[in-house]
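Visitor: sequence and predicted structure below; questions after.
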Amino acid sequence: MMPGREEQVRELLATQRAQAQRALTAAQHSLAMIAEARDQAGGDDEHDPEGVPLSREWARIDAAASDARERLSAIDAALVRLENGTYGVCRVCGISIPLERLEIRPQADICVPCGSARR
Ligand SMILES: [Zn+2]
């Protein structure tokens, strides 16, 4: 990787990591509040008119939390690849991932053609 480039990537990863961490904390906070609301409602969704929307809200926030957790682990994996010098290389075909892609998704470990082939 070009000198100075790595620093830029580290910064990008650090920013995205902080964002994902914030999203995860916010989601966990919301889940805790929903759990509390459920407890106060007696934990019985079936006879609680608020039960269904509460469950739906839970599912939505829970999905956001898993998404944030996934992003965190992808970013951590990217940091490891930076350390061992395999960062920016597609793990499927081995070509260098274009920098424009890494700027958008610094945690990417797969190039666009390989990524679309898997879909
Ligand atoms: Zn590839």
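Guide: Right, received. Where do you want to start? Keep in mind that this is a model prediction, so the values were computed, not measured.
Visitor: poorly predicted segments of this structure, please.
Guide: Across the chain, the ranges flagged by pLDDT under 70 are 1-3, 42-52, 118-119.
Visitor: how about the residues of it by the ion?
Guide: The chain comes close to the ion at residues 90, 92-93, 111, 114, as judged by C-beta under 5 Å from the ion. Using the backbone N, CA and C atoms, a C-beta is placed for each residue, glycine as well.
Visitor: next, count neighbours for Pro106.
Guide: A total of 24 residues lie near Pro106 under the criterion other C-beta atoms under 10 Å.
Visitor: contacting residues for it?
Guide: Taking C-beta atoms under 8 Å, 6 or more residues apart in numbering, we find Pro106 in contact with 9, 12-13, 16, 75, 78.
Visitor: rerun at 10 Å
Guide: For Pro106, the contacting residues are 8-17, 74-75, 78-79, 82, 87-88, by C-beta atoms under 10 Å, 6 or more residues apart in numbering.
Visitor: buried by neighbour count, from the residues you listed: which ones?
Guide: Buried members of the contacts of Pro106, counted by 16 or more other C-beta atoms under 10 Å: 9, 12-13, 16-17, 74-75, 78-79, 82, 87-88.
Visitor: identify the single longest helix in this structure, thanks.
Guide: What stands out as the longest helix in the chain, according to DSSP state H, is helix 5-40.
Visitor: packing partners for that one?
Guide: With contacts taken as 3 or more C-beta pairs under 10 Å, 6 or more residues apart in numbering; DSSP states H and E, helix 5-40 sits against helix 51-84, helix 99-104.
Visitor: neighbours around Gln109, how many?
Guide: For the record, residue 109 is Asp, not Gln. Asp109 has 19 neighbours, counted by other C-beta under 10 Å.
Visitor: spatially nearest residue to it, not counting backbone neighbours?
Guide: Nearest residue to Asp109, sequence neighbours excluded (C-beta to C-beta, 6 or more residues apart in numbering): Arg91, at 4.9 Å.
Visitor: helix, strand or coil: sort out the one you found for me.
Guide: Look at Arg91: counting by DSSP: H, G, I helix; E, B strand; the rest coil, its state is coil.
Visitor: just confirm it contacts Ala78, I think it does.
Guide: No - at 11.4 Å, Arg91 and Ala78 do not qualify as touching, with contact defined as C-beta atoms under 10 Å.
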